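Student: can't give you the sequence, but here's the structure:
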C-alpha cells in the first residue's frame, strides 16, 4: 500500500487517540510493528493560545516515522492558525515535520 511516497508493507496504522497515543506508547507500538502512526489529537485552540501542553503533543522521535499530526477544532480561524503554526514549528524543529497529514 502506498500513501504518497510512503510505502507501507503491511498496512498496520495506529489511530490518534487523546491521552493515549503519547510518545512512550507510540514507541512501543512502532517496535511491535506499526507501520504508520499519528500523534494524539492536537487541539487548534490550545495551539493558537500558545499552550505548552498542547504544543508538546506534536513532538515525536525520528524512529517513529512515518508519522502524522492530527489537529482538531471547531473554529475555522483557529484551525488555520494551528496548521500554520505546525508548519512554522516544522521549519524550526526538523523533527516536527510530519510525513502524513
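Tutor: Nice, I can see it. Predicted model, so just to flag it, every value in this text is computed and none were measured.

Student: what residue is smack in the middle of this structure?
Tutor: residue 69 (2.1 Å; CA atoms, centre = their mean).

Student: tell me the pLDDT at that residue?
Tutor: Looking at residue 69, its pLDDT is 82.

Student: again with residue 94
Tutor: 52.

Student: other SSEs contacting the helix of greatest length in the chain?
Tutor: Using DSSP state H to define each element, the chain has its longest helix at helix 76-92. Helix 76-92 is packed against helix 44-48, strand 71-72, with contacts defined by 3 or more CB pairs under 8 Å, 6 or more residues apart in numbering; DSSP states H and E. From N, CA and C alone the C-beta is placed, and that goes for glycine too.

Student: repeat the analysis, applying 6 Å as the threshold.
Tutor: helix 44-48 (3 or more CB pairs under 6 Å, 6 or more residues apart in numbering; DSSP states H and E).

Student: who are the packing partners of the helix it packs on?
Tutor: Helix 44-48 packs on helix 76-92, going by 3+ CB pairs under 6 Å, 6+ apart.

Student: give me the buried stretch members for the helix it packs on, please.
Tutor: 78, 79, 81, 82, 85, 86, 89 (16 or more other CB atoms under 10 Å).

Student: equivalent analysis for stretch 41-60, please.
Tutor: Using 16+ other CB under 10 Å as the test for burial, stretch 41-60 gives 41-48, 54-55, 57-58, 60.

Student: gap between the residue nearest to the centre of the chain and residue 32?
Tutor: Going from residue 69 to residue 32 by CB to CB, to the nearest Å gives 21 Å.

Student: and for residue 5?
Tutor: Computed as CB to CB, the residue 5 to residue 32 distance reads 24 Å.
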